[in-house]
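In: A predicted structure for the sequence below; I have some questions about it.
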Amino acid sequence: MLIRVEIPVDAAGIDQLLRNAFPTSEEAELVHRLREDGLLTLGVVATDEEGGVVGYAAFSPVYVDGEDRQCVGLAPVVVDEAHRRQGLAEKIIYEGLDSLNEFGYSAVVVLGEPAYFSRFGFQNAAEHGLHSKLPGTEASFQVYPLADGEMENCKGVVEYSAPFGRG
C-alpha cells in the first residue's frame, strides 16, 4: 500500500472509488468541480500494488468571515470497502495533515462524526471560535489546529468553497 499526494493520472481511479463508495455521484462530482475550479488544495491517495486507488481524502479551501485565512476543509474521505477497518483512512488523513502543516496552513475543519474524527485530534470548532455557516452543525463541526498560535487568525464563521453549494 502506498500513501501519497494525488497526481493527474489518479483522477479516473478517484472518480471510480467515489462513485462505488457512495450511494449517489454527488461526491465524485464535487471532487471533479473542485479540481476543475482549481480549488483542490490537496488530495491524498492510497494505492494498491497495481496502482489502483483504494483510498482518498480531499482538502479544499474554506473561508472564515469571507476571507482566506489559510484554513482548509476535509471532504470527502473514502476507503474502498475491501480495504476498510485496516487503518487506511487514518494514514490518509495523517498524511494530509502533515503535508498541510508543512505547507504552512493554519487549520483543517471537518463536518463529521465527533467520535470518529476526535481519534485524529480534531476538536469541537466552537471551542476555538469557529462556527459553521450551516445551521444545526455545531456538535459535528470540528477543527484540527496545524500550528501553535495559528488559530488566532481563524476565528469566525466558516464557509466552504462554491462547489460545495452546487447541487
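Out: Done, it's in.
In: in this protein, which residue is most central in space?
Out: Centroid-nearest residue in the chain: residue 74, 1.6 Å away (criterion: Cα atoms, centre = their mean).
In: state the distance from that one to residue 157.
Out: 18 Å (Cβ to Cβ, to the nearest Å). No exception for glycine: its C-beta is placed from N, CA and C like everyone else's.
In: how far does stretch 153-166 sit from the chain's center?
Out: 13 Å (Cα atoms, centre = their mean, to the nearest Å).
In: can you mark which positions in that stretch are buried?
Out: The neighbour-count check on stretch 153-166 (16 or more other Cβ atoms under 10 Å) flags 154, 156, 158, 159, 160, 161, 163, 164 as buried.
In: does residue 59 really touch residue 76, like I thought?
Out: No. Taking contacts as Cβ atoms under 8 Å, residue 59 lies outside contact range of residue 76: 10.5 Å.
In: ok, the two, which is more surrounded?
Out: residue 59 (24 against 17; other Cβ atoms under 10 Å).
In: how about that one, secondary structure?
Out: Going by DSSP: H, G, I helix; E, B strand; the rest coil, the secondary structure assigned to residue 59 is strand.
In: so what sits opposite it in the bridge?
Out: Applying DSSP bridges to residue 59 gives these bridge partners: residue 42, residue 74.
In: residue contacts, it?
Out: Taking Cβ atoms under 8 Å, 6 or more residues apart in numbering, we find residue 59 in contact with 40, 41, 42, 43, 44, 72, 73, 74, 96, 100, 108.
In: now with 6 Å, please.
Out: By Cβ atoms under 6 Å, 6 or more residues apart in numbering, the contact set of residue 59 is 41, 42, 72, 74, 96.
In: how close does it sit to residue 152?
Out: The gap separating residue 59 from residue 152 is 21 Å, by Cβ to Cβ.
In: what is the rounded mean pLDDT of stretch 24-41?
Out: Mean pLDDT, computed over stretch 24-41, is 96.
In: what comes up buried for it?
Out: 27, 28, 29, 30, 31, 32, 33, 34, 35, 39, 40, 41.
In: can you give me how far that stretch is from the chain middle?
Out: On Cα atoms, centre = their mean, the centre of stretch 24-41 falls 12 Å from the chain's centre.
In: dump it to CSV, restricted to CA.
Out: What follows is stretch 24-41, C-alpha atoms only, in CSV (Å, rounded to 0.1, in the frame of the first residue of the first chain):
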residue,chain,number,x,y,z
THR,A,24,-25.0,8.9,-5.4
SER,A,25,-22.4,10.5,-7.7
GLU,A,26,-22.5,13.7,-5.6
GLU,A,27,-19.1,13.3,-4.0
ALA,A,28,-17.4,12.3,-7.3
GLU,A,29,-18.9,15.4,-9.0
LEU,A,30,-17.8,17.6,-6.0
VAL,A,31,-14.2,16.4,-6.4
HIS,A,32,-14.4,16.9,-10.1
ARG,A,33,-15.6,20.5,-9.7
LEU,A,34,-13.0,21.3,-7.0
ARG,A,35,-10.3,20.1,-9.3
GLU,A,36,-11.8,21.8,-12.3
ASP,A,37,-12.1,25.1,-10.4
GLY,A,38,-8.6,24.9,-9.0
LEU,A,39,-9.9,24.5,-5.5
LEU,A,40,-8.3,21.2,-4.6
THR,A,41,-5.7,22.3,-2.1
